[in-house]
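K.L.:
based on what follows, work out the 3D shape:
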Amino acid sequence: MRFPQATAASSPTLRPTGYAHAGHWIPLPVPSPIHDTPVLLQANMPSSVPNADSDRPVTPSDPGQTYSPSKVASSPFDDPCTEIVLRTVDDVDFHVWRAILKEASTLFADMFGLPQPMPGPTTNSPRIIPITEQSVVIEPLLRLCYPVPDPEFTSLAELKPVLEAARKYQMDYIMGLLLRRLILFAENEPLPAYLIALQLRAAGVARAAAKLFLRHVDPCPFTEELRHVPAAAYYRLLEYRRKCVEVSCDAVLNTSWLGDEQTAFIWYKCPAGTCRPSHAKNPQLAGRYTVPSAWFTRHIQSVVSALSKTPCWEVPERPDVCDIVIMEGGVCANCRVTISSDVRRFSSTIAGEIERRISKIVLDVET
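P.N.:
Coordinates of the predicted model:
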């Protein structure tokens with residue numbers, strides 16, 4: 001068998017088309033008509049191949065998207081000498097001292113106690129720990145760990161994710177600080193604060209928020225936090241409120257608990273006709289009337305009406321409640337002398353009794 005051979009007329013730049021081996025002709029692969037050398041398929045590399053400038057995989061959502069390296073957080077979390085870098089889900093690097101993180105978080109303390117991975121290319125490289133929180137959540141959380149001014153929270157929407165992160169990373173001391181902030185928000189937003197406390201299994205804070213809930217007129221406006229708790233949790237809060245209304249109104253309507261002090265006020269002493277209409281029965285006992293003045297009876301009814309809307313111990317002492325009765329009773333010349341001091345003393349005593357009775361009602365909190 002004869003095999004084709006290159007002739008003298010062949011150009012020296014022509015490549016051989018094959019070679020003979022063991023009596024057979026073996027053809028060589030035909031080069032690309034465009035390139036004579038292999039082509040690197042960089043554009044078609046798998047998306048899991050790490051970027052040369054980063055230790056994270058390139059995962060673009062479309063072929064035209066490029067990977068952007070992570071940003072460094074602001075001071076004091078920009079120190080390159082730290083041993084730990086917390087990389088948030090929005091690609092912000094927080095350089096954190098290992099000792100501070102270990103003391104603040106039980107979870108990280110346990111993590112650091114495990115066998116560590118082998119050092120990277122450079123022995124001084126910090127350990128990068130990816131986390132699932134946004135940078136706007138991690139920054140205030142870490143500021144509470146560092147000796148820097150505490151962060152300010154302007155809304156429950158800002159506070160809640162930081163609370164959840166503190167609970168997740170088992171930062172008990174920081175959790176206590178944040179829960180005190182939650183109680184402050186409960187002054188004006190008791191219902192959402194109560195519901196958030198339930199989600200965090202903070203029973204004490206939930207009860208404190210429920211008590212502040214009594215200050216507000218029922219029903220409160222709808223809150224999105226209702227979507228995150230069972231209906232039974234809201235029902236228990238309303239049942240707690242109903243019981244508080246009951247004991248508060250009873251403390252005002254039935255003042256026998258005052259004992260002899262009950263008839264020591266001016267509205268049980270004044271004999272004037274303006275205070276005691278002639279058609280009213282006004283029996284006396286030991287020199288005092290057993291029925292109060294007409295204007296004081298109207299005052300009691302007004303207090304009960306207010307308590308049925310806001311069953312709070314502060315209601316009897318509210319200026320709008322006290323001032324009205326003082327002005328009405330002050331029309332009587334006999335009552336005018338001591339009515340102001342008597343009304344305020346009575347209101348303070350009633351408020352204390354209402355608070356005492358409400359404190360005995362325990363809210364059922366399932367956490």
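K.L.:
hey, where'd the strands end up in the stretch 51-200 of the chain?
P.N.:
In the stretch 51-200 of the chain, the segments counted as strands under DSSP state E, counting those that start in this stretch are 71-72, 84-87, 92-96, 127-130.
K.L.:
parallel or antiparallel, which strands does the longest one pair with?
P.N.:
Paired neighbours of strand 92-96 in the sheet (DSSP bridges): strand 71-72 (parallel), strand 84-87 (antiparallel).
K.L.:
with mean pLDDT, mean neighbour count and distance to residue 220 added, can I get the strands of the stretch 51-200 of the chain in a markdown table?
P.N.:
Glycine gets a C-beta too; all of them are placed from N, C-alpha and C. Output for the strands of the stretch 51-200 of the chain, formatted as a markdown table (pLDDT from 0 to 100; neighbours: other Cβ atoms under 10 Å; distance: least, Cβ to Cβ, whole Å):
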| stretch | mean pLDDT | mean neighbour count | distance to residue 220 |
| --- | --- | --- | --- |
| strand 71-72 | 94 | 14 | 41 |
| strand 84-87 | 96 | 20 | 38 |
| strand 92-96 | 97 | 21 | 37 |
| strand 127-130 | 94 | 14 | 40 |
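K.L.:
now those as TSV including distance to residue 165?
P.N.:
As requested, the strands of the stretch 51-200 of the chain are exported to TSV (distance: least, Cβ to Cβ, whole Å):
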stretch	distance to residue 165
strand 71-72	19
strand 84-87	11
strand 92-96	12
strand 127-130	14
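K.L.:
residue 143 is nearest to which of these?
P.N.:
strand 92-96 (10.5 Å; Cβ to Cβ).
K.L.:
residues making contact with that closest one?
P.N.:
70-73, 77-82, 84-88, 126, 128, 135, 138-139, 142 (Cβ atoms under 8 Å, 6 or more residues apart in numbering).
K.L.:
how far is that strand from where the chain is centred?
P.N.:
Centroid displacement of strand 92-96 relative to its chain, using Cα atoms, centre = their mean, to the nearest Å, is 23 Å.
K.L.:
and for stretch 226-235?
P.N.:
The mean C-alpha position of stretch 226-235 is separated from the chain mean by 16 Å, Cα atoms, centre = their mean.
K.L.:
buried residues in it?
P.N.:
233-234 (16 or more other Cβ atoms under 10 Å).
K.L.:
then stretch 247-256?
P.N.:
Buried, per 16+ other Cβ under 10 Å, within stretch 247-256: 247-252, 255.
K.L.:
ok, now how distant is the closest residue in space to residue 77 that isn't next to it in sequence from residue 142?
P.N.:
Nearest residue to residue 77 in three dimensions, chain neighbours excluded: residue 94, at 4.3 Å (Cβ to Cβ, 6 or more residues apart in numbering). Applying Cβ to Cβ, to the nearest Å, the value for residue 94 to residue 142 is 6 Å.
K.L.:
isn't residue 179 up against residue 202?
P.N.:
Yes. In this structure, residue 179 is within contact of residue 202 by Cβ atoms under 8 Å, at 5.7 Å.
K.L.:
okay then, goodbye and thanks.
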